[in-house]
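Engineer: Need coordinates for the following:
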Amino acid sequence: MVRCKFVLVIALAFGCLVAGPIALTEPDPLAGESESTRRVNPTALPKYKVVDLGFAAVAINDDNRVVGHSNGNVVTWDFATGLTDLGSGVAVDIDNQGRVLGKDPVGYFGPGWIADADGTREYPDSMENPAAMNDLGQVVGFPTPEDRLGGYLWDAATGFETILNPGNPPVGSSTDAWSTDISNNGLVVGWLDVGDGYPFHWRSGDLEANWLPGFLSANDIGAGEAVNDLGVIAGQILLADREPEPPYPGDPLGRAGCDGVYCYRAALWNENLAARLIAAGRALDVNNQGVVVGTGDEFGPAFMWSEEYGLVELSTLIAADDPFHGSVSIQRASKINENGWIIADAQYLLIPEAVDSDADGVADDVDNCTLVANPDQRDTNKDLIGNACDADLTGDCAVGFQDLAMLVAAFHPRPYDPDADFDGNGFVSFGDLAFMRSSFFNGENPGPGPGAPGNACE
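Structural biologist: Next comes the predicted model:
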């Protein structure tokens with residue numbers, strides 16, 4: 001009779017299984033992709049601490065080292081070493097080896113150089129006006145007004161390669177290719193023409209620059225500003241204003257970012273070069289996680305965008321206990337690295353707080369149960385998934401009938417199995433059974449965890 005009651009309790013505890021929610025997307029009238037001008041997942045939004053750097057920052061690498069300029073000199077900064085003065089010049093970029101790209105201060109233009117971490121400079125022949133450098137040491141730049149020979153790619157092994165304009169630009173004639181960024185796999189982006197601009201992409205060996213698509217009329221212009229290693233390009237498209245109507249029918253941004261001449265749109269082009277409009281303003285950088293930062297220019301404040309977060313005003317992400325909370329309105333976010341550190345308004349560095357999704361005092365990047373509070377981090381089978389979120393007793397990264405059988409075999413007062421003691425109270429009982437019920441064939445998370453990085457069930 002006791003056995004029958006126990007089976008009945010298990011049946012009642014498990015109840016019925018319900019499938020997870022269905023995600024919905026909206027059509028993008030321009031490119032047929034989902035338009036994410038809404039906040040997608042407010043609970044996942046990061047919070048930031050603000051550091052006032054005290055100098056004009058222009059770039060940051062993935063070691064969180066910042067380069068910029070102060071009082072006519074190039075400087076670097078990080079938390080470990082503080083401020084380092086590299087001598088006179090204009091800072092341009094910094095790579096993940098700590099090499100700094102810069103130029104001598106000859107007006108807006110000037111001869112370019114590359115400095116090692118100790119500040120020793122190399123001046124490649126004829127390098128002028130460098131714009132960006134990748135981790136291979138390849139540099140892209142643009143010509144002086146006197147040269148007008150097109151943008152360039154410089155490589156230490158092969159020297160210079162000119163980026164030529166196509167012979168049939170969408171509007172008028174084009175003379176200059178202004179290269180703005182290069183990915184670690186050699187994709188170059190920028191814009192064409194000194195006056196009006198047209199965004200382009202290019203690789204070494206291409207005969208000429210390639211126009212980026214996404215224009216609705218012959219009067220539209222734009223620019224490519226940044227590219228990540230997955231081939232996603234961030235920039236802007238200026239759509240000819242159809243005042244008083246939106247720039248195209250059904251535009252979810254309406255007349256935001258329109259000034260009577262153009263409607264300014266932050267744009268992304270994916271690896272298939274399909275254009276997507278995400279905000280009013282300009283997209284200035286994108287990291288390999290697909291997080292975009294940019295500026296609303298005169299139409300609005302700085303923003304951050306991703307598939308996970310949607311579109312968010314960056315100032316609203318400053319942590320409530322930060323001294324800058326409520327006192328700073330960020331207008332321009334120009335760079336973001338792979339750790340989510342952001343350069344904003346030139347002088348500010350925004351650093352994401354450690355995320356603790358379950359509020360147990362253990363940051364997600366080391367927490368062995370990121371969604372279940374377990375401050376003790378108890379993990380009796382040492383699989384990097386804490387007992388509090390690990391109903392997988394068989395170790396096959398799924399929770400099913402075999403795991404249930406093992407829990408029943410350890411149910412008090414039977415021989416104790418610490419791995420089946422999910423709540424850590426010293427015996428296996430109905431609380432542990434209830435947790436297994438929540439994990440049993442879970443449609444959203446059919447296995448244990450999520451646990452600490454490196455666990456076998458990731």
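
Engineer: Can you name the residues bridging to Val139?
Structural biologist: With DSSP bridges as the criterion, Val139 is bridged to Met133, Trp154.

Engineer: My guess is it contacts Leu153. True?
Structural biologist: Yes: assessed by CB atoms under 8 Å, Val139 is found in contact with Leu153 at 7.4 Å. Quick note: C-beta positions are derived from backbone N, CA and C, even for glycine.

Engineer: Mind listing the shared neighbours of these two?
Structural biologist: Ile182 (CB atoms under 8 Å, 6 or more residues apart in numbering).

Engineer: Have a look at the two and say which one is more surrounded.
Structural biologist: Neighbours were counted for Val139 and for Leu153 using other CB atoms under 10 Å; Val139 has more, 25 against 21.

Engineer: so what's the spatially most central residue of the chain closest to, chain neighbours aside?
Structural biologist: The residue lying closest to the centre of the chain (CA atoms, centre = their mean) is Val291, at 2.5 Å. The shortest distance from Val291 to any non-neighbouring residue, by CB to CB, 6 or more residues apart in numbering, is to Ser306 (4.5 Å).

Engineer: Phi, psi for Gly431 please.
Structural biologist: With angles defined as degrees, to the nearest 10, Gly431 sits at phi -60, psi -40.

Engineer: Would you enumerate the residues in contact with it?
Structural biologist: Contacts for Gly431 (CB under 8 Å, 6+ apart) come out as 422-423, 425.

Engineer: Turn those residues into TSV, including pLDDT, distance to Gly190 and secondary structure.
Structural biologist: Formatted as TSV, these follow (pLDDT from 0 to 100; distance: CB to CB, whole Å; DSSP: H, G, I helix; E, B strand; the rest coil):
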residue	pLDDT	distance to Gly190	secondary structure
Phe422	94	55	coil
Asp423	92	58	coil
Asn425	92	62	coil
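
Engineer: Out of those, which is nearest to Pro244?
Structural biologist: Phe422 (61.7 Å; CB to CB).

Engineer: What mean pLDDT does stretch 45-56 get?
Structural biologist: For stretch 45-56, the mean per-residue pLDDT is 92.

Engineer: let me fix that: stretch 345-354
Structural biologist: pLDDT averaged over stretch 345-354 gives 89.

Engineer: ok, and what's touching that stretch?
Structural biologist: The contact list for stretch 345-354, computed with CB under 8 Å, 6+ apart, reads 46-58, 60, 66, 68, 302, 314, 317-319, 324, 328, 330-334, 339-344, 363-365.

Engineer: and with 7 Å instead?
Structural biologist: Stretch 345-354 has contacts (CB atoms under 7 Å, 6 or more residues apart in numbering) with 46-57, 66, 319, 330-332, 340-344, 363.

Engineer: Neighbours of the residue lying closest to Ile342 once chain neighbours are set aside, how many?
Structural biologist: Closest residue in space to Ile342, ignoring its immediate chain neighbours: Leu350 at 4.1 Å, by CB to CB, 6+ apart. Neighbour count for Leu350, taken as other CB under 10 Å: 29.

Engineer: Over to Asp135?
Structural biologist: There are 14 residues near Asp135, going by other CB under 10 Å.

Engineer: Spit out the contact partners of it.
Structural biologist: So Asp135 contacts 95-97, 184 (CB under 7 Å, 6+ apart).

Engineer: what does Pro124 give?
Structural biologist: Residues near Pro124 by CB under 7 Å, 6+ apart: Trp154.

Engineer: So it, which state does it fall into?
Structural biologist: coil (DSSP: H, G, I helix; E, B strand; the rest coil).

Engineer: Tell me how far it lies from Ile163.
Structural biologist: Distance of Pro124 to Ile163, computed by CB to CB, to the nearest Å: 16 Å.

Engineer: now Gly257
Structural biologist: 29 Å.

Engineer: circling back to that earlier point, any chance of the contacts of Asp135 in CSV, with neighbour count and secondary structure too?
Structural biologist: What follows is the contacts of Asp135, written out as CSV (neighbours: other CB atoms under 10 Å; DSSP: H, G, I helix; E, B strand; the rest coil):
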residue, neighbour count, secondary structure
Asp95, 23, coil
Asn96, 14, coil
Gln97, 12, coil
Asn184, 15, coil
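
Engineer: mind listing what the helix or strand containing Val58 pairs with, with the direction of each?
Structural biologist: Val58 is part of strand 56-60, with elements assigned from DSSP states H and E. Strand pairing for strand 56-60, determined by DSSP bridges: strand 66-70 (antiparallel).

Engineer: ok, residues contacting the partner strand?
Structural biologist: Contact with strand 66-70 is made by 53, 55-60, 74-78, 90-91, 94, 100, 349, as judged by CB under 7 Å, 6+ apart.

Engineer: State the number of residues packed around Pro413.
Structural biologist: With other CB under 10 Å as criterion, Pro413 counts 8.

Engineer: Tell me if it really is in a helix.
Structural biologist: No: looking at Pro413 with three-state DSSP, it is coil, so not inside a helix.

Engineer: Got the phi and psi for it?
Structural biologist: Note on Pro413: backbone dihedrals following degrees, to the nearest 10 are phi -100, psi 20.
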